[in-house]
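J.: got a sequence here, can you model it:
(chains A and B)
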Amino acid sequence: GEKVEQHESTLSVREGDSAVINCTYTDTASSYFPWYKQEAGKSLHFVIDIRSNVDRKQSQRLIVLLDKKAKRFSLHITATQPEDSAIYFCAASKNQGGSAKLIFGEGTKLTVSS
Amino acid sequence: GPKVLQIPSHQIIDMGQMVTLNCDPVSNHLYFYWYKQILGQQMEFLVNFYNGKVMEKSKLFKDQFSVERPDGSYFTLKIQPTALEDSAVYFCASSLDPGSYEQYFGPGTRLTVL
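T.: Model (predicted):
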């Protein structure tokens, strides 16, 4: 079935360094790839997304790369700050008959130390 | 930004009882979703709902589960009867349409079944 795998369960970086989180997906029909941030005890907060018609998207310190051939996408956080510490979830979706369910990865706990 | 509200934030009930989880989606959104997150695990899709109908459901959406949104009031998830394995945090999400994809998540309801 459809699956999204997130390769790093934990990631620790020093403030100012870059952090990279990698995900792979199985469903070739997937066309939308959002990233969500979840702080302890809180809900998911949308961070950035990429659609399958592009292979790179940047929003300030966040860059998302998509490699459709390899069915892989990644989130790059540059110049990390302590407030970037959270669990990051990647997800994949396809628009099929009015349903756009998100298939989530297992999450990566990012810790940025100052 | 747009907010999805969920009531209650916590619910503790005895196994076999009925529970209703309430979601107040973003006001102009038309598509509604429920996801389930067991502590420390990834978010899993349960069901999505549009125009009074279930569009898609996963195998986690057991026969004891039902959803409805009577006339623009809360979007609800009802579990009757509850089982121990229903203990989890349930997140509601809404989106304007599948084509726009972005789903906004509520803060979650932590359900504990004793």
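
J.: going by C-alpha atoms from here, please, whenever you check contacts or count neighbours.
T.: OK.

J.: per-residue confidence at the residue nearest to A:Ala79 when sequence neighbours are not counted?
T.: Spatial nearest neighbour of A:Ala79, excluding adjacent residues (CA to CA, 6 or more residues apart in numbering or on different chains): A:Gly16 at 4.1 Å. With respect to pLDDT, A:Gly16 scores 98.

J.: contact residues of chain A facing chain B?
T.: A:32, A:34, A:42-46, A:95, A:97-107 (CA under 8 Å from any CA of the partner chain).

J.: drop anything exposed from those.
T.: For the residues of chain A next to chain B, a burial check counting by 16 or more other CA atoms under 10 Å in any protein chain shown picks out A:32, A:34, A:43-46, A:95, A:98-107.

J.: in strands, which of those appear?
T.: A:Tyr32, A:Pro34, A:Leu44, A:His45, A:Phe46, A:Ile103, A:Phe104 (DSSP state E).

J.: contact partners for the residue nearest to the spatial centre of chain B?
T.: With distances taken as CA atoms, centre = their mean, the residue of chain B nearest its centroid is B:Trp34 (3.3 Å). Neighbouring residues of B:Trp34 by CA atoms under 8 Å, 6 or more residues apart in numbering or on different chains: B:Phe45, B:Leu46, B:Val47, B:Asn48, B:Leu77, B:Tyr90, B:Phe91, B:Cys92, B:Ala93.

J.: quick one, which of the residues you listed has the minimum pLDDT?
T.: B:Asn48 (92).

J.: let me see the contact set for it.
T.: By CA under 8 Å, 6+ apart, the contact list for B:Asn48 reads A:Ser99, A:Lys101, B:Tyr31, B:Phe32, B:Tyr33, B:Trp34, B:Val54, B:Met55, B:Glu56, B:Lys57.

J.: which helix or strand contains the fifth one?
T.: Spelled out, it's B:Tyr33. Using DSSP states H and E, B:Tyr33 sits within strand B:31-37.

J.: how about the strands in chain A?
T.: Counting by DSSP E, the strands of chain A are A:4-6, A:10-14, A:19-25, A:32-38, A:44-51, A:56-59, A:62-67, A:72-77, A:86-92, A:103-104, A:108-113.

J.: just put those in JSON lines and tack on distance to B:Thr109.
T.: What follows is these, written out as JSON lines (distance: least, CA to CA, whole Å):
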{"stretch": "strand A:4-6", "distance to B:Thr109": "24"}
{"stretch": "strand A:10-14", "distance to B:Thr109": "26"}
{"stretch": "strand A:19-25", "distance to B:Thr109": "28"}
{"stretch": "strand A:32-38", "distance to B:Thr109": "15"}
{"stretch": "strand A:44-51", "distance to B:Thr109": "13"}
{"stretch": "strand A:56-59", "distance to B:Thr109": "31"}
{"stretch": "strand A:62-67", "distance to B:Thr109": "30"}
{"stretch": "strand A:72-77", "distance to B:Thr109": "28"}
{"stretch": "strand A:86-92", "distance to B:Thr109": "19"}
{"stretch": "strand A:103-104", "distance to B:Thr109": "19"}
{"stretch": "strand A:108-113", "distance to B:Thr109": "22"}
